[in-house]
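**Student:** build me a structure from this.
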Amino acid sequence: MPRARRRKKKKIRKVFGRKRPCKFCITKIDVVDYKNSTLLTRFVNDRGKIAPRRITGTCARHQRILVRAIKRARYIGLLPFVREHYR
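**Tutor:** Numbers count the residues shown, from 1 in each chain. Predicted coordinates:
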């Protein structure tokens, strides 16, 4: 006897509200300095991971610049790779 196939239910994507404008585009900042650790820490979460675009609201161009600056600051020692010891 052939088995009856079960159909998979389609997942419904949630539509979120209005997208946040890029902070760098609004203030017309083209260069993100890796030495400005106070600016860079806003885009790093509590575990030391770089926050994604959908959370920070940056555009793709500035996200790439931001990631490059964060990685440079980590390599030099201005930003920690991991924030603090956590369990």
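
**Student:** ok, Arg20 touching Gly57?
**Tutor:** Yes. Between Arg20 and Gly57 there is a contact at 3.1 Å, judged by Cβ atoms under 8 Å. Placement of C-beta: from N, CA and C, glycine included.

**Student:** the two - which one has more neighbours?
**Tutor:** A count of neighbours by other Cβ atoms under 10 Å puts Gly57 above the other of Arg20 and Gly57, at 15 against 12.

**Student:** quick one: contacts for the more buried one?
**Tutor:** Listed by Cβ atoms under 8 Å, 6 or more residues apart in numbering, the contact partners of Gly57 are 19-23.

**Student:** buried subset of those residues as a PyMOL selection?
**Tutor:** Here is the PyMOL command that selects the buried residues among those (16 or more other Cβ atoms under 10 Å):
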select buried, resi 22+23
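
**Student:** now the helices: where do they sit in the protein?
**Tutor:** Along the chain, counting by DSSP state H, helices occupy 23-26, 37-41, 53-56, 60-76.

**Student:** so which bits of the first one are buried?
**Tutor:** Pointing back at helix 23-26 there. For helix 23-26, by 16+ other Cβ under 10 Å, it's 23-24.

**Student:** list of residues touching that helix?
**Tutor:** Applying Cβ under 8 Å, 6+ apart, the contact partners of helix 23-26 are 30, 32, 56-59, 62, 65-66.

**Student:** just put those residues in CSV and tack on pLDDT.
**Tutor:** What follows is the contacts of helix 23-26, written out as CSV (pLDDT from 0 to 100):
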residue, pLDDT
Asp30, 86
Val32, 91
Thr56, 90
Gly57, 91
Thr58, 93
Cys59, 93
His62, 94
Ile65, 95
Leu66, 95
